[in-house]
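Visitor: here is a sequence with its predicted model. Questions after.
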Amino acid sequence: MSQSQGELEGQVALVTGGAIGIGQAICQDLSSAGARVIVVDRGDTSATVAAIREAGGEAIGVAADVTSEAEMAAAVQAGIDAFGGVDILVNNAGIFATLAQRPFEDIPLDEWRLVFEVNVLGCAVAAKSVLASMRSRGAGTIVNIASTTALKGSALPHYSSSKGAVLALTKNLAREFGPNWIRVNAVAPGFTVSTGVEQNADETARMRAGATSSRVLQREMVPSDVVGAVRFLAGPQSGFMTGQTVVVDGGAYFH
Ligand SMILES: NC(=O)c1ccc[n+]([C@@H]2O[C@H](COP(=O)([O-])OP(=O)(O)OC[C@H]3O[C@@H](n4cnc5c(N)ncnc54)[C@H](O)[C@@H]3O)[C@@H](O)[C@H]2O)c1
């Protein structure tokens, strides 16, 4: 299928945390479906943008922190200048693999604050930043990347709690934005061998060791396993779905 024949042809997608890992895979997949992509990250987005362009797609990279209203407003404006607006937001930026497992009482409050700031507030700020553009276009889709840890708990209580808040935010925004034909859904991946996980092998070793054996489909999960659900929820095939959570984890948790 050529770029111009994809199900997301004519759509513009803004993906946060698109520089590496799951976000990078999502950017490339949405592009392969025909979307033009605004790759947003506080890190270097050039590899993702180059990969999309090499494959014949269109993308721009914008440096922004999802917790900053001003930086996210500028990122959206850059997308409007380049591509005319935003139709799809994927809230993927998050803190996970750098978090060390330790007893609940040893987790510093500042780490709780940081996790909630990026994982929860970041989703809210990004949603706020795209709202005017989606409303002016008469429709939009938001896909929040949560985690199965929100459903079953984990050894990272602040992380799991933040993803639980992402699921609640998904339902709230689905209710509020529905009248504007903006659909809001979540994907909850299981443990995924992303760039961040590979870069933090010590912190993630225990989770990685147990992940495969917990699944019905017994292999490691990789970023490309997540993209199909995101594309489905971002695109027209899910046109009457909103407020939902789709679990992608090889059958470890039946939702
Ligand atoms: N890897 C997993 O096992 C797993 C499982 C379930 C859910 N998730 C979620 O999927 C998402 C991606 O995870 P990953 O493992 O690919 O992560 P990763 O560490 O590989 O990549 C995360 C990206 O987000 C960016 N980012 C972080 N904070 C940011 C901020 N404040 N502003 C802008 N960009 C920021 C980073 O620069 C990085 O490019 C996260 O929300 C994570 O919680 C991951």
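Guide: Done, it's in. Remember, predicted model here, so these are calculated numbers, not experimental data.
Visitor: what does the stretch 151-255 of the chain put close to the ligand?
Guide: Contact residues, the stretch 151-255 of the chain versus the ligand (C-beta under 6 Å from any ligand atom): 189, 191, 192, 194, 195, 196, 197. The C-beta positions use only the backbone N, C-alpha and C, and glycine is treated the same way.
Visitor: in helices, which of those appear?
Guide: 195, 196, 197 (DSSP state H).
Visitor: and the strands in this structure, which stretches?
Guide: Ranges of strands within the chain are 12-16, 36-41, 59-63, 88-91, 140-145, 182-189, 245-248, based on DSSP state E.
Visitor: pick the most buried one from these.
Guide: Neighbour counts (mean count of other C-beta atoms under 10 Å) averaged over each of these peak at strand 12-16, with a mean of 31.
Visitor: output the contacting helices and strands for that one.
Guide: When contacts are defined as 3 or more C-beta pairs under 8 Å, 6 or more residues apart in numbering; DSSP states H and E, strand 12-16 packs onto helix 21-32, strand 36-41, helix 69-83, strand 88-91, helix 122-137.
Visitor: for the residues of the stretch 151-255 of the chain next to the ligand, which one is nearest residue 127?
Guide: Comparing those against residue 127 with C-beta to C-beta picks out residue 189 as the nearest, at 19.7 Å.
Visitor: what's the spacing between that closest one and residue 110?
Guide: Distance, residue 189 to residue 110, by C-beta to C-beta, to the nearest Å: 26 Å.
Visitor: cool, residue 52 as well?
Guide: From residue 52 to residue 110 the distance is 36 Å (C-beta to C-beta).
Visitor: ok, which of the helices and strands packed on strand 12-16 comes nearest the ligand?
Guide: For the helices and strands packed on strand 12-16, proximity to the ligand was assessed by C-beta to the nearest ligand atom; helix 21-32 is nearest, at 2.4 Å.
Visitor: same question for that closest one, mean pLDDT?
Guide: For helix 21-32, mean pLDDT is 98.
Visitor: go on, stretch 226-240?
Guide: Stretch 226-240 shows a mean pLDDT of 98.
Visitor: how far does it stretch from one end to the other?
Guide: Counting by C-alpha to C-alpha, to the nearest Å, you get 21 Å between the two ends of stretch 226-240.
Visitor: tell me the buried residues in it?
Guide: Buried residues in stretch 226-240, counted by 16 or more other C-beta atoms under 10 Å: 226, 227, 229, 230, 231, 232, 233, 234, 235, 238.
Visitor: got those residues as a markdown table, with distance to residue 11 columns?
Guide: Listed next are the buried residues of stretch 226-240 as a markdown table, based on distance: C-beta to C-beta, whole Å:
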| residue | distance to residue 11 |
| --- | --- |
| 226 | 19 |
| 227 | 15 |
| 229 | 17 |
| 230 | 13 |
| 231 | 11 |
| 232 | 14 |
| 233 | 13 |
| 234 | 8 |
| 235 | 8 |
| 238 | 13 |
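Visitor: name the nearest of those relative to the ligand.
Guide: residue 226 (7.6 Å).
Visitor: list phi and psi for the closest one.
Guide: Dihedral angles phi and psi of residue 226 (degrees, to the nearest 10) take the values phi -90, psi -30.
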